[in-house]
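In: Have a look at this prediction, sequence included:
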Amino acid sequence: MRRISLVVFILVAMLVTACGGTTPTVAPTTAPTAVPETTEATEAAPVAESGQHISVAGSTTVQPLAEKLAEVFVAANPDVKIDVAGGGSSAGVKAAGDGTADIGAASREIKAEEKTTYPDIVIFEIARDGIAVVVHPEVPVDALTTDQVRDIFAGNITNWSEVGGENQPITVISREEGSGTRGAFEEMVMGEEAAITDKAIFQDSNGKVRTTVASTPNSIAFLSFGYLDDSVYAVAIDGVEATEANALSGAYPVVRPLNMITKGEPTGVVKAWLDFILSDAGQAIVKEQGYLAVK
Amino acid sequence: MKLTRTVDRTIRYLLLGSALLSVFIVVLIAIFTLIEALPAFREIGLVDFLLNPVWHPLPDDPANSEFGILGMIYASIIVTAGAIILGVPLGIGCAVFLAEIAPEAIHKLVRPAVELLAGIPSVVYGLVGMVWLVPLIRDLFQVPDNQGFGFLASSIVLAVMILPTIINIAEDAIRAVPESYREGALALGSTHWQTIVNVIFPAARSGIVAAVILGIGRALGETMAMVMVIGNSTEFPVPLTANPLTIFLARGRTLTGNVVMGLNYAAGVHRSALFATGVVLFLMIMLVNGMARVIVKRWSYKG
């Protein structure tokens, strides 16, 4: 009897932690996770070409999404093998341009000089990643400018009264160094010069950041759009609300494209996979992983 | 006859094999960690790595990155000390109660509860700490810039987590004291409490010290729960106000926390520096365990 209740307790505990959004940290490896219920709907149709290999390299932000898209595609096409490697966005553009990988991944716009260096690359925008600036629900500030956000995260503005709030110290919450969300936030908001303050509370997943903001008065953090809910308040940036519509229209400033790049028009199994990614089923996976669909 | 002897010998070799395997695995992990850490020691330099209080890994700018773990060594020591201060009196008290005082019925209730404590997954401790303990500490102390995340929350969580280790080993040590010692003390007119303090504690001290030291080792190495409540700030921890005790309300990052925080994305020297952090942690825990062995040997009660 005691053993049964122990098992029940552990199951409940696991359920609770899963709901807390901490699962990615519990199992940070890329081992195949339990297939979500929606797989039935998002199953990829088998393609004629098989026994082939696709190599993907580049952005570490795109990596987990590409792995998920590969997993579902390979489940329907067991003869296809897809290798997803990291390396960063610049390495992704280079790998595609040089032809060392079939597909390069970049979590930013492709720069003009990259297009000149590699004139024959073709760019596929597969998803968008919007980052919201969120505050504890009781913070009476509902809009900030990009400059104010930068100064708050750099530790130059330390009191809410400096940005129209009450006389309360600001607690900055951030992701850990190297995180893709943090990288994107640093790139789009902090810029070259400013760095996130060492005083910040660091949490190693979007879920933990959200829980921390929700439970910490006077706190501020950045969060992927996919993790927004009622427990935190997303402030408007430069007067634009953090909504999916504004992100897709381009009005919201903190949005970046997730691109896949090929050298020349893709053919064969590479084309089949990219078609799948841009299909309704593929875009459903994009949404499920917390990104904005482009179709 | 011959068959039984063959079986006997085979089993002996199998057992030897399993013993050697665990040694082999430890050596393998140590070598692997060391090899991965070598580039960091070479690039950063041992002294700079251990004594620089600034940790600034810049993925896109390796030349300007700084990798110093002094603040993390300091944080690990503070958190562990806090866990010991809170956990040891509680653990030893519980062990004495279980071994000497508790009636059978209560023993049957407390013992499984302690075992259950050891069975609760680390992440559950962290979750309870994050949503319940952290706000409690924030509201209780009302010190500016104290948001509840920090050393005190971590020490409390760790103190609870090391309790089963301390209780189990200390209780065994107390129970191992020969019954004749107790009878002798009581016969000489000691009260039960005098017997415990003056006879049983000295007789069981090597076991009790071993319990404490293994608790220290566990607290140093624990990661998941601690990471969720400590704040993980890379700033060198300092007291929040003029009162030096507010150091326990400060945030920080421990050695284990640093490895977990970075390992998902780190590359190059940053990744190697995380393995080097692991090597430092490995050495600290080896030191603690070595101390336990020496003390158990030296301090054994010899009458």
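Out: The structure has been received and is ready for your questions. Residues are numbered from 1 along each chain as shown, chains lettered A, B, ... in the order given.
In: Leaving out sequence neighbours, find the closest residue to B:Tyr125.
Out: The spatial neighbour of B:Tyr125 that comes closest, neighbours along the chain excluded (CB to CB, 6 or more residues apart in numbering or on different chains), is B:Ala225 at 3.9 Å. Heads up, the C-betas are built off the backbone N, CA and C, glycines and all.
In: Equivalent analysis for A:Ala194, please.
Out: Spatial nearest neighbour of A:Ala194, chain neighbours left out: A:Ala154 (4.2 Å); criterion: CB to CB, 6+ apart.
In: I figured the one you found hits A:Asp198, correct?
Out: No. A:Ala154 is beyond contact range of A:Asp198, at 10.7 Å (criterion: CB atoms under 8 Å).
In: What is the neighbour count of residue 116?
Out: In the absence of a named chain, this looks at chain A. Residues lying near A:Thr116 (other CB atoms under 10 Å in any protein chain shown) number 8.
In: I was thinking of chain B, sorry if that wasn't clear
Out: Residues near B:Leu116, counting by other CB under 10 Å: 14.
In: tell me the domain ranges of chain A?
Out: Domain segmentation of chain A under automatic domain parsing yields A:2-129+A:257-288, A:130-255.
In: And the ones you listed, which one averages the lowest pLDDT?
Out: Ranked by mean pLDDT, the domains of chain A end with domain A:2-129+A:257-288 at the bottom, a mean of 76.
In: Now do the one helix or strand B:Leu15 maps to, average pLDDT.
Out: According to DSSP states H and E, B:Leu15 maps onto helix B:2-44. Across helix B:2-44, the average pLDDT comes to 92.
In: so how far is it from its chain's centroid?
Out: Computed by CA atoms, centre = their mean, to the nearest Å, the chain-centroid distance of helix B:2-44 equals 24 Å.
In: Do any residues in it lie close to chain A?
Out: No. Using CB under 8 Å from any CB of the partner chain, we find that helix B:2-44 stays clear of chain A, coming within 15.3 Å at best.
In: Can you give me the neighbour number for B:Gly262?
Out: Neighbour count of B:Gly262, defined by other CB under 10 Å: 21.
In: Look up the closest residue to it, ignoring the ones flanking it.
Out: Spatial nearest neighbour of B:Gly262, excluding adjacent residues (CB to CB, 6+ apart): B:Leu274 at 4.9 Å.
In: try B:Met284
Out: In this structure, B:Met284 finds its nearest non-sequential neighbour in B:Leu220, 6.1 Å apart by CB to CB, 6+ apart.
In: does that neighbour count as helix, strand or coil?
Out: At B:Leu220 the chain is in helix, as set by DSSP: H, G, I helix; E, B strand; the rest coil.
In: Tell me how far it lies from B:Ala273.
Out: As for B:Leu220, its distance to B:Ala273 is 19 Å (criterion: CB to CB, to the nearest Å).
In: Likewise for B:Phe141?
Out: For B:Phe141, the distance to B:Ala273 - CB to CB - is 34 Å.
In: More neighbours: which of those two?
Out: A count of neighbours by other CB under 10 Å puts B:Ala273 above the other of B:Phe141 and B:Ala273, at 28 against 14.
In: so how far is whatever helix or strand the more buried one lives in off the chain centroid?
Out: Assigned by DSSP H and E, B:Ala273 belongs to helix B:268-298. Relative to its chain's centre, helix B:268-298 lies at 12 Å (CA atoms, centre = their mean).
In: Next: stretch B:113-122.
Out: Distance, stretch centre to chain centre, for stretch B:113-122: 15 Å (CA atoms, centre = their mean).
In: residues in contact with stretch A:150-165?
Out: By CB atoms under 8 Å, 6 or more residues apart in numbering or on different chains, the residues outside stretch A:150-165 that reach it are A:139-141, A:144, A:148, A:166-170, A:172, A:174, A:185, A:189-191, A:194-197, A:199-200, A:218, A:220, A:222.
In: Those, buried ones only, as a PyMOL selection?
Out: Filtering the contacts of stretch A:150-165 down to the buried ones (16 or more other CB atoms under 10 Å in any protein chain shown) takes a single PyMOL command:
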select buried, chain A and resi 139+141+144+148+170+172+174+185+189+190+196+197+199+200+218+220+222
